[in-house]
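Chemist: Got a sequence here, can you build the structure:
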Amino acid sequence: MTISLEVSPDLREHGRIIRDWAAVEVRRHARQADTDHAPPENWREIVGTCPVSLGRSDPRRDMERVQFGDGYWVRNLITSESLAYGDIWVSGVLGDGIGHLVVKAMGTPEQIERWYEPIVHDGGITAFALTEPHFGSDTSLVATTATRDGDMWVLNGTKMYCTFGAVADYVVVFATTDSSLGPAAIKAFVVERGTAGFRVGKVNEAKLGIRSWITSELVFDGCAIPVDHQLGWQPSAAPESREHGQTASGRGGALGSLSQNKPNIAALGIEMAQAPIDVAVGLLREERIGFAAHRWAVIENEIAQMNDALDRSRRLNFRAQWLQDTKRGHKTEASVAKGYGPPTAERIIRRCMQLLGPDGTSRELLLEKWYRDVKILDIFEGSGQVQRVIISRALMGRDAARG
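Modeler: Numbers count the residues shown, from 1 in each chain. Okay, here's the model as predicted:
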C-alpha cells in the first residue's frame, strides 16, 4: 500500500499562517524568555494575536477550532512544527503535558473516564514523573517507592526535570512496589495537585536550554494516595496478597505512551533548525560579493542538503502520526522519527553557526540559543540511544540490543 506523505492544502495553509505569525510575534520575545527563565508574563495576550486557532490548548475558548481531514495527531504535528519556527517558548505555555496519555495507555475504563477524558474535552495540564537524580533513560533504576498501607499507597522519593510538574492538575508518578523484583515492580500512580506529602522542590530547574519551560523537581514524602490511583488497578479476590490489585509493569506503559508524542518532539527540532538556515542564508547573501564563485557554490550546496534533511524528517514525522491517526502500529516509526530529527537539527544549527563565523555565537542573533534549546530534544521522551534500541529490536528481534 502506498500513501501520500503530504498534508492537505487546507492544513498546509493553516500551518503557514501560524508559522508566519510565530516568526514575528513569538520570536521577538525569545531572548527575554531565555534570560528570564520564564515565558512572557503577557503570553496569553501574545497568543491571542494569532489569526487562527492553535488547538484545544489555545486559551481563547471563543475561537472555533477548524477541523481538518488529516487527523488529530497530524494536525497537532503541523501546529507544533509551525509554532517552533518562532521559538520554543510558546510550546511551553500551550502544551498540556503527557501524563494523561499514560492514563489512556495504562488506565482502566473508569480511570480513563476520571483522568483522561476531562483533560481532552475541557483542557488542563498533566505531568509525567519518571526521571530521578541518579538516572535518566534507564527506567529500571527507579528508586521512588510505593508502599501498601491498607487502602492507601504511600510514595517516597524525588523526581526531577518533570515538565509542568509544578503547575499540573495531576502528576503520573512511576515508583517501585518492590525493588527486589526489578522493572516488573514499577507501577504508575496518579497524584493530584495538593495531595498531602507532595511538594514542589524547585518550580523550574536551571538548565542549558528551553529555560522558559517549567521543568520541576518534585518531592514525595509520605505521600498517601488511595489504592485506585494506581493505573490499571483492579480489586482482586485475595486482599491479603502482596500482589493484590497489581497489574503489569508500569515500565512498559511509561515507554509505550511516549510513542504518541515523539514525532511532535521531533517536529519542534525541524523548525528550530529551519529558522537558523533562513537567518544564515539571509545574512550570507548580504555578504555574497565577498565570496569566490566556487566557495558560494559550496555554501549553496550545503544549504540545499540541510533543507533536504529537514524535509526527510518532516516525512518521517508525518508517517508516524498518520499511522497513529489511522489506528495502525506506529511505535517503530515514532522511534525512527524521534531518533533522526533532533540530532539532525542539532547538526544543522551548529553548521549554520559555523558558516556565520563569530556572529553565529553572538547574542545579537538567536542561533546560540536555538542550539542550546535543541540539545534537549534528543533526550526528551526517550533519548536517541533508546530509540535506536527500539528500532534494532523491531528490525532484528530483542537479542539485537544485547551483547
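Chemist: Where does the record place the domain boundaries for the protein?
Modeler: 9-92+260-401, 126-249 (automatic domain parsing).
Chemist: is it possible to export those domains to JSON lines including distance to residue 107 and mean neighbour count?
Modeler: Backbone N, C-alpha and C define where each C-beta goes, glycine included. What follows is the domains of the chain, written out as JSON lines (distance: least, Cβ to Cβ, whole Å; neighbours: other Cβ atoms under 10 Å):
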{"stretch": "domain 9-92+260-401", "distance to residue 107": "14", "mean neighbour count": "19"}
{"stretch": "domain 126-249", "distance to residue 107": "5", "mean neighbour count": "18"}
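Chemist: okay if I get those as a markdown table plus mean pLDDT?
Modeler: Output for those, formatted as a markdown table (pLDDT from 0 to 100):
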| stretch | mean pLDDT |
| --- | --- |
| domain 9-92+260-401 | 90 |
| domain 126-249 | 87 |
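Chemist: Just put those domains in CSV and tack on distance to residue 108.
Modeler: CSV is the format used below for the domains of the chain (distance: least, Cβ to Cβ, whole Å):
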stretch, distance to residue 108
domain 9-92+260-401, 19
domain 126-249, 6
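Chemist: ok, residue 77 touching residue 318?
Modeler: Yes: taking contacts as Cβ atoms under 8 Å, residue 77 lies within contact range of residue 318: 6.8 Å.
Chemist: Name the residues contacting each of these two.
Modeler: Listed contacts common to residue 77 and residue 318 are residue 263; contacts here mean Cβ atoms under 8 Å, 6 or more residues apart in numbering.
Chemist: Secondary structure element for the residue sitting nearest the centre point of the chain, which one?
Modeler: Residue closest to the mean C-alpha point of the chain, counted by Cα atoms, centre = their mean, is residue 265 at 4.6 Å. Using DSSP states H and E, residue 265 maps to helix 262-286.
Chemist: same for that helix, what does it pack against?
Modeler: Packing partners of helix 262-286 (3 or more Cβ pairs under 8 Å, 6 or more residues apart in numbering; DSSP states H and E): helix 72-84, helix 293-325, helix 331-355, helix 367-375.
Chemist: That one relative to helix 293-325, how many degrees between them?
Modeler: Using axes from the mean of the first three to the mean of the last three Cα atoms, to 10 degrees, the direction of helix 262-286 lies 160 degrees away from that of helix 293-325.
Chemist: what about helix 262-286, distance to the chain center?
Modeler: 18 Å (Cα atoms, centre = their mean, to the nearest Å).
Chemist: Mind jotting down where the strands sit in this structure?
Modeler: Using DSSP state E, the strands of the chain run over residues 126-129, 145-149, 152-163, 170-176, 186-192, 198-202, 215-226.
Chemist: Which one, of these, ends up nearest to residue 31?
Modeler: For the strands of the chain, proximity to residue 31 was assessed by Cβ to Cβ; strand 215-226 is nearest, at 19.7 Å.
Chemist: Which residues does that closest one contact?
Modeler: 127, 129, 144, 149, 151-166, 171, 173, 189-191, 195-205, 207.
Chemist: re the thing from before, dump the helices and strands packed on helix 262-286 into JSON lines; add distance to residue 270 as well.
Modeler: Formatted as JSON lines, these follow (distance: least, Cβ to Cβ, whole Å):
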{"stretch": "helix 72-84", "distance to residue 270": "6"}
{"stretch": "helix 293-325", "distance to residue 270": "5"}
{"stretch": "helix 331-355", "distance to residue 270": "6"}
{"stretch": "helix 367-375", "distance to residue 270": "10"}
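Chemist: Tabulate the strands of the chain in CSV, adding columns for distance to residue 44.
Modeler: Listed next are these as CSV, based on distance: least, Cβ to Cβ, whole Å:
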stretch, distance to residue 44
strand 126-129, 20
strand 145-149, 37
strand 152-163, 20
strand 170-176, 23
strand 186-192, 25
strand 198-202, 23
strand 215-226, 21
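Chemist: Specify the stretch among the ones you listed that is closest to residue 18.
Modeler: strand 152-163 (21.9 Å).
Chemist: What strands line up against the closest one, and which way round?
Modeler: strand 145-149 (antiparallel), strand 215-226 (antiparallel) (DSSP bridges).
Chemist: Would you mind putting those into CSV with distance to residue 325 alongside?
Modeler: Output for the strands paired with strand 152-163, formatted as CSV (distance: least, Cβ to Cβ, whole Å):
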stretch, distance to residue 325
strand 145-149, 35
strand 215-226, 29
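Chemist: right, so of these, which gets closest to residue 35?
Modeler: Per Cβ to Cβ, nearest to residue 35 of the strands paired with strand 152-163: strand 215-226, 17.1 Å.
Chemist: ok and that closest one relative to strand 198-202, angle-wise?
Modeler: Using the same axes, to 10 degrees: strand 215-226 against strand 198-202 is 170 degrees.
Chemist: Residue 25: which of the strands of the chain is closest?
Modeler: strand 152-163 (23.6 Å).
Chemist: angle of the closest one against strand 170-176?
Modeler: 110 degrees.
Chemist: which residues touch residue 21?
Modeler: Listed by Cβ under 8 Å, 6+ apart, the contact set of residue 21 reads 49-51, 86.
Chemist: Out of the residues you listed, give me the two with the largest separation.
Modeler: 51 and 86 (13.9 Å).
Chemist: picking up where we left off before, how about the strands of the chain, which one is nearest residue 258?
Modeler: Using Cβ to Cβ, those put strand 126-129 closest to residue 258, at 8.3 Å.
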